[in-house]
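K.L.:
Let's see this in three dimensions:
(2 chains)
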There are 2 protein chains.
Amino acid sequence: MSRGNPSAPPIIETDPVRMRETILAARRQGRRVGFVPTMGALHRGHGSLVSRAAAECDDVVVSIFVNPKQFGPSEDYSRYPRTLDADRDLVGSCGARWVFVPEAQATYPPGHATNVVVGAPAADFEGAVRPGHFAGVATVVCWLFNVVPADIAYFGAKDWQQSVVVRRMVQDLAIPITIEVCPTIREPDGLALSSRNAYLSADERRRATALHEGLRAAARAWEAGEDVAAVEGMIRTALEARDIPVDYAVVVDPLSLLAPHPGSAAVALVAGRLGSTRLIDNLPLPPRG
Amino acid sequence: MSRGNPSAPPIIETDPVRMRETILAARRQGRRVGFVPTMGALHRGHGSLVSRAAAECDDVVVSIFVNPKQFGPSEDYSRYPRTLDADRDLVGSCGARWVFVPEAQATYPPGHATNVVVGAPAADFEGAVRPGHFAGVATVVCWLFNVVPADIAYFGAKDWQQSVVVRRMVQDLAIPITIEVCPTIREPDGLALSSRNAYLSADERRRATALHEGLRAAARAWEAGEDVAAVEGMIRTALEARDIPVDYAVVVDPLSLLAPHPGSAAVALVAGRLGSTRLIDNLPLPPRG
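P.N.:
Numbering: from 1, shown residues only, chains lettered A, B, ... in the order given. Predicted coordinates:
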């Protein structure tokens, strides 16, 4: 399945009411609509989500909104890269029909006072390092799912905890959308694609491969039967060997983010700091006998 | 407008997925659907909401769910009246087509961790006396609006602050539903109808008219040009004269619940305690020159 005219550039829409009507009109015609919510500064990782959506749906909409509520006061909201023209070209080449670019005044009307707060799965890891971050994510994603009532929304596995938080919210609030989580896209040396990689100096970029190397070493140890603490220690060691301070390096249940069940699948999560840039990565770990 | 066969008793639906499909099917046929969310123990006040919905819509659905999350630990969740058969008869006679009675396990699936939290307008008054109450209300109403995707939802003005909180949430999250707030229904002596009136002893029932009497005295003082503090004092005096401890007695802006704007409409809100029963009431105050 794909949109009618893949050579046309995607249509920019800024008005939430018109956006919603456009999506509903497409669905009334029996078209399946896929949705890729983003903060812009798009790279091949986002492109892979759009391509997946275009392969599975008739129409694809990509939202670009640098959400102030999910940045902490000392974080990089103002310097977060904004590259709308390039973003539009990228998602157009991947098959997007619409690009939704809401203004902050529409997303947060005067007197805005509502937050969607996800508890347990948002508490640790990114939630602990970035207070308020996941409330900002859940609130804007809930708003987006009302304004863009698509069939399926696509998220990247790179932000594993975010995907868990979004799934939890969708289930708890009975939001009528299917969530698909798609594999992380990596550079040839294993570094996970991230808009924040652009902040890295040449030296930091070289050292940043330690995240993926640590995760791969952890996966080998996991499959060899090492216990959770030992597996977590391998990730930590890999980062520290490259002078990367570790925010966390854990092996947890993929959905609850609590201690993994013996014999079940797990996921290794890591976050480290390279200069003023925080990078995160993760690797699913298969069940083991 | 009204439903096809007003003599048939309403259909009970307990399954959220089927409920949603039923509503969507009606709307696909071009029918306008009205929704009255309740906690059961229905009285003529709820009946007036259902009748209004039946007058304005083609189909009406009433939900009955005694929501544990909006009761505090020391409140009356376990003793809250449950009268499903009578409720069904009442809403049927008012024109409801469906009664949605979800089970708590469906509303709060295992691992439930999401709360919709409305800030400023939920902070004072009921929100201050009942911590967590409005998060419970907003969360379940958000869930209900996804499961019952009606055109219009009807709320009673009796729970004024609740209606403000729901409106705020709907605007902030772009929930695609229209909110109608309908006038409070009263006993002949002025007592606002409430499921909790059933708790009152004969003596408490006689004294309970003080809430409405205080509000009416306040309205006269308001129209006579008294200042806000004096108007609030009249409500408080009316309750104290009948030995009713006052939780709050305030005159505020109808939408922000902050200090009223000079020359603009306002609303008087009151809450008092009769024995172990809390009663609330309010009265809109017109603009004054």
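
K.L.:
in the stretch 151-289 of chain A, what residue is nearest chain B?
P.N.:
residue A:172 (3.6 Å; Cβ to the nearest Cβ). C-beta coordinates here come from the backbone N, C-alpha and C atoms, glycine included.

K.L.:
How many neighbouring residues does that residue have?
P.N.:
The number of residues packed near residue A:172 is 24, by other Cβ atoms under 10 Å in any protein chain shown.

K.L.:
and the closest residue to it other than its chain neighbours, bridged to which residues?
P.N.:
In space, and not counting its chain neighbours, residue A:172 is closest to residue B:114: 3.6 Å by Cβ to Cβ, 6 or more residues apart in numbering or on different chains. The bridge-partner assignment for residue B:114, based on DSSP bridges, gives residue A:118.

K.L.:
and residue B:114, what is it in contact with?
P.N.:
By Cβ atoms under 8 Å, 6 or more residues apart in numbering or on different chains, the residues touching residue B:114 are A:116, A:117, A:118, A:119, A:138, A:168, A:169, A:172, A:173, B:139.

K.L.:
Find the nearest non-adjacent residue to the fourth one, please.
P.N.:
Right, residue A:119. residue B:113 (3.9 Å).

K.L.:
Need the phi and psi values for the one you found.
P.N.:
When read as degrees, to the nearest 10, the backbone of residue B:113 gives phi -140, psi 10.

K.L.:
pLDDT wise, what is it at?
P.N.:
pLDDT, residue B:113: 98.

K.L.:
Please work out how many residues are found near it.
P.N.:
19.

K.L.:
got it, and residue A:249?
P.N.:
So residue A:249, with other Cβ under 10 Å, has 24 neighbours.

K.L.:
in a strand, that's where it is, yeah?
P.N.:
Yes: under DSSP: H, G, I helix; E, B strand; the rest coil, residue A:249 falls within a strand.

K.L.:
Near chain B, which residues of the stretch 1-150 of chain A are found?
P.N.:
A:16, A:20, A:108-109, A:111-122, A:138-139, A:142-143, A:146-147, A:149 (Cβ under 8 Å from any Cβ of the partner chain).

K.L.:
If any of the residues you listed are buried, give me the PyMOL selection for them.
P.N.:
The buried residues among those can be selected in PyMOL (16 or more other Cβ atoms under 10 Å in any protein chain shown) with this line:
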select buried, chain A and resi 16+20+108+112+113+114+115+116+117+118+119+120+121+122+138+139+142+143+146+147+149
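
K.L.:
out of the residues of the stretch 1-150 of chain A next to chain B, which are inside strands?
P.N.:
A:114, A:115, A:116, A:117, A:118 (DSSP state E).

K.L.:
And those, which is closest to chain B?
P.N.:
Looking across those and measuring by Cβ to the nearest Cβ, the closest to chain B is residue A:114, at 3.6 Å.

K.L.:
Report the separation between the closest one and residue B:155.
P.N.:
Computed as Cβ to Cβ, to the nearest Å, the residue A:114 to residue B:155 distance reads 17 Å.

K.L.:
Once you drop chain neighbours, what's closest to residue A:129?
P.N.:
residue A:247 (5.3 Å).

K.L.:
wouldn't the one you found be in contact with residue A:277 here?
P.N.:
No: between residue A:247 and residue A:277 there is no contact under Cβ atoms under 8 Å: 12.0 Å.

K.L.:
any chance you could map the strands in chain A?
P.N.:
Using DSSP E, strands in chain A cover A:11-13, A:33-38, A:59-64, A:98-100, A:114-118, A:152-156, A:178-182, A:246-252, A:266-274, A:277-285.

K.L.:
Out of these, which one sits most buried?
P.N.:
Most buried of these by mean neighbour count (mean count of other Cβ atoms under 10 Å in any protein chain shown) is strand A:59-64; its value is a mean of 27.

K.L.:
by contact count, what packs against it?
P.N.:
Contacts defined by 3 or more Cβ pairs under 8 Å, 6 or more residues apart in numbering or on different chains; DSSP states H and E place strand A:59-64 against helix A:16-28, strand A:33-38, helix A:44-56, helix A:84-93, strand A:98-100.

K.L.:
With residue B:85 as the reference, name the closest of those.
P.N.:
Residue B:85 lies closest, by Cβ to Cβ, to one member of those: helix A:16-28, at 38.7 Å.

K.L.:
what's in contact with that closest one?
P.N.:
A:13, A:33, A:58-59, A:61, A:98, A:100, A:102, A:106-107, A:146-151, B:174, B:176.

K.L.:
Let me see the contact set for residue A:165.
P.N.:
Contacts of residue A:165 by Cβ under 8 Å, 6+ apart are A:118, A:121, A:122, A:134, A:137, A:138.

K.L.:
before we move on, the earlier item: take the contacts of residue B:114 and lay them out in TSV including distance to residue A:261 and pLDDT.
P.N.:
Below are those laid out as TSV (distance: Cβ to Cβ, whole Å; pLDDT from 0 to 100):
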residue	distance to residue A:261	pLDDT
A:116	28	98
A:117	27	98
A:118	22	98
A:119	21	97
A:138	26	98
A:168	18	98
A:169	23	98
A:172	22	98
A:173	27	98
B:139	29	98
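
K.L.:
Would you mind giving the residues you listed as CSV with distance to residue A:214 added?
P.N.:
Output for the contacts of residue B:114, formatted as CSV (distance: Cβ to Cβ, whole Å):
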residue, distance to residue A:214
A:116, 33
A:117, 32
A:118, 28
A:119, 29
A:138, 29
A:168, 27
A:169, 30
A:172, 33
A:173, 36
B:139, 39
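
K.L.:
with these in mind, which one is nearest to residue B:75?
P.N.:
residue B:139 (16.5 Å).

K.L.:
Which pair of the contacts of residue A:165 spans the longest distance?
P.N.:
A:121 and A:137 (11.9 Å).

K.L.:
So which bits of stretch A:64-76 are buried?
P.N.:
Buried residues in stretch A:64-76 (16+ other Cβ under 10 Å): A:64, A:65, A:66, A:67, A:69, A:70, A:71.

K.L.:
Look up which residues are beta-bridged to the spatially closest residue to residue A:37 that is not a sequence neighbour.
P.N.:
With sequence-adjacent residues excluded and distances taken as Cβ to Cβ, 6+ apart, residue A:37 is closest to residue A:63, at 4.8 Å. Residue A:63 forms beta bridges with residue A:37, residue A:100, as assigned by DSSP bridges.

K.L.:
Pretty sure residue A:148 is one of the things residue A:63 touches, is it not?
P.N.:
Yes: contact criterion Cβ under 8 Å: residue A:63 and residue A:148 qualify, at 6.4 Å.

K.L.:
what residues are shared contacts of those two?
P.N.:
Contacts common to residue A:63 and residue A:148, judged by Cβ under 8 Å, 6+ apart, are A:35, A:37, A:100.

K.L.:
hmm, back to that, now the helices and strands packed on strand A:59-64 as TSV including distance to residue A:285?
P.N.:
Formatted as TSV, those follow (distance: least, Cβ to Cβ, whole Å):
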stretch	distance to residue A:285
helix A:16-28	37
strand A:33-38	27
helix A:44-56	21
helix A:84-93	32
strand A:98-100	36
